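[1] coordinates for the following, if possible.
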Amino acid sequence: MASDAFDYYGQPEPFELLAATSRFFQTAMKAHERFAALPAFDTAIQFIPLQPGGKRPAKGFFPSQHTDDPKDEESLALLAAAYSDSNVGINSYGAVGGLTVMDCDEPGVAERYELETGRKLPLTYTTQTRPESAPYKMNLCFITTKYSRLRLPRQVTNVTDVAGYDLKCNGGWGYVCAEGSVRDGEPVVALHDVPFAPMPDDFA
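    Below you'll find the predicted structure:
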């Protein structure tokens, strides 16, 4: 039976049938729809197959060797044929209009931000990576601004113990699992399904 995910004439290729029903393909296409809204999507965003149930790159996939891979439907289908059960990781090279993620690992991060800055944390596309066991674990996705690109390090990993969060994807290592991925038995879900907000200057 032909898949609605592809337009073709005649019998579909086997990889197309596999891809259209695979977890990786469905998750990647949802991520494509979401992250294509980033101004630098074509040049800065990378989709990475991750280990099933985890957040490390899938066995045999080396992200540094795939930095120029296209993210069109056919290319994602080819990846899905090889990594059908994999999670989908989102990586961003350092670029204005790319992605910077506030990876919250402790409760009370938003409250701390508001206390220290006197402003509310902007509403932006946000996922929960442990919606059942640890709902405070969230990825707040922001558009990298010119200011934050210049002022933020490539990767901020030394503030978790102090502030309860890391900053990822400003060009450094740090993949985040896309909505629809499954981490340790829990699905990554959208908490705030809204457009991306610019990265606040307060973090830089």
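
[2] what's the first helix or strand after the helix or strand of the chain with the lowest mean pLDDT?
    For the chain, scoring each helix and strand by mean pLDDT, DSSP states H and E identifies helix 160-163 as the least confident one, at a mean of 56. Per DSSP states H and E, helix 160-163 leads on to strand 165-168 as the next helix or strand towards the C-terminus.

[3] mean confidence score for that following strand?
    Mean pLDDT, computed over strand 165-168, is 81.

[4] and it, what does it pack against?
    When contacts are defined as 3 or more C-beta pairs under 8 Å, 6 or more residues apart in numbering; DSSP states H and E, strand 165-168 sits against strand 99-104. C-beta coordinates here come from the backbone N, C-alpha and C atoms, glycine included.

[5] could you dump the strand it packs on to PDB, C-alpha only?
    Taking Å, rounded to 0.1, in the frame of the first residue of the first chain, the C-alpha atoms of strand 99-104 are listed here in PDB:
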ATOM      1  CA  LEU A  99      19.100  27.900  17.900                       C
ATOM      2  CA  THR A 100      20.100  28.400  21.500                       C
ATOM      3  CA  VAL A 101      18.600  26.100  24.100                       C
ATOM      4  CA  MET A 102      18.100  26.700  27.800                       C
ATOM      5  CA  ASP A 103      18.300  23.200  29.200                       C
ATOM      6  CA  CYS A 104      16.600  23.300  32.600                       C
END
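
[6] how big is the angle separating the next helix or strand after it from strand 99-104?
    Counting by DSSP H and E, the next helix or strand C-terminal to strand 99-104 is helix 109-117. Counting by axes from the mean of the first three to the mean of the last three C-alpha atoms, to 10 degrees, helix 109-117 lies at 100 degrees to strand 99-104.

[7] what's helix 109-117 in contact with?
    102, 119, 120, 121, 136, 163, 164, 165, 200, 202 (C-beta atoms under 8 Å, 6 or more residues apart in numbering).

[8] I'm done for today, thanks for sticking with me.
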